[in-house]
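A.B. asks: Sequence first, then the predicted structure:
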Amino acid sequence: MKRVLIIDDEVNLRETIAEMLQHFGYEVFLAFNGKDGLQKVNEVQPEIIICDVMMPILDGYGFVNQHMNSENAHIPVLLLSAKVEKKDELYGLNLGVKSYIRKPFTFKDLVEKIEFYS
């Protein structure tokens, strides 16, 4: 069973993604911002991380920056964002994320990326 950490401050989206992934057999862990996410990565050692970009306290870019400079940098990150400009995607990719997924997205696309990168 693959362990997935979802980091998103939007409760409804975070829980919807979690329910759908659990339905397909993933073990899901939740965090509500980047700071909480960094702690959860250490606690649960997921196989992949799904992280929103725009969040309070520590945004997705800040999370990725710290994550990629940690002992857990081998754990792949997929960024989710409503930011649609190419410069935002390039910034995330340059930080080391595996994929930049624009909202709205299909669940099928998300699962395909999880399977490919984990």
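C.D. replies: Noted; the coordinates are in hand.
A.B. asks: how would you label Val4: helix, strand or coil?
C.D. replies: The three-state assignment at Val4 reads strand, by DSSP: H, G, I helix; E, B strand; the rest coil.
A.B. asks: Return the set of residues that bridge with it.
C.D. replies: Here Val4 sits in beta bridges with Val28, Ile48, going by DSSP bridges.
A.B. asks: number of nearby residues for it?
C.D. replies: Burial of Val4 is recorded as 23 neighbouring residues (other Cβ atoms under 10 Å). All C-beta atoms are positioned from the backbone trio N, CA, C, and that covers glycine.
A.B. asks: Report the contact partners of it.
C.D. replies: Contact criterion Cβ atoms under 8 Å, 6 or more residues apart in numbering gives 21, 26-29, 46-50, 114, 118 as the residues in contact with Val4.
A.B. asks: could you show me where the strands are in this structure, in order?
C.D. replies: Remark: strands of the chain, listed N- to C-terminal, are 3-7, 27-31, 48-52, 77-81, 99-102; assignment by DSSP state E.
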